[in-house]
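**Q** 3D model of this:
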Amino acid sequence: SASAVAVAVALLLACAADASTGRSILAGTAFASLVAAELKARIQQARPAGAPGDDDGGGMPSLHATATAFAAVGWALMFQPDAPRVAAFLPLTALAVAALRVAGQHNTSTQAAMGLILGFLLACSWVRFGAWMA
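**A** Residues are numbered from 1 along each chain as shown. Below is the predicted model:
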């Protein structure tokens, strides 16, 4: 759920080695969410039949999968040199969120997979651009 994502991001921010890294990942996650929302509005692919809650205009790509993939991959790339075990674990959290979105019939497996891919690509670009800007 969105509150679980917010709690996870808050915990990661609290654990960040420096505040600028946390702010960068938080800003990037917000950016990724906006990109996913814009794509969702343009694609207008329906959620699965009987999806819980209101239909917000579509399910492609999954915004939850995009945001969690961005946060997980972004953090993994930041933590990788100092904490490789943490870096290896973080992307699994995005997979778990995507799987829960499908299991709960909020998104199709394709919508969730596209959200994961979008989040991954945006995170890699965000971190690369941030390193280039530094």
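
**Q** Tell me where the model's unsure across this protein.
**A** 1-22, 53-57, 81, 130-134 (pLDDT under 70).

**Q** And the helices in it?
**A** Remark: helices assigned in the chain by DSSP state H are 2-15, 19-43, 63-79, 84-103, 109-133.

**Q** Out of the ones you listed, which is the most enclosed?
**A** Of all these, helix 63-79 carries the top mean neighbour count, a mean of 27, counting by mean count of other C-beta atoms under 10 Å. The C-beta positions use only the backbone N, C-alpha and C, and glycine is treated the same way.

**Q** ok now it, how far from the chain's centre?
**A** 5 Å (C-alpha atoms, centre = their mean, to the nearest Å).

**Q** Packing partners of it?
**A** Under the contact criterion of 3 or more C-beta pairs under 8 Å, 6 or more residues apart in numbering; DSSP states H and E, helix 63-79 touches helix 2-15, helix 19-43, helix 84-103, helix 109-133.
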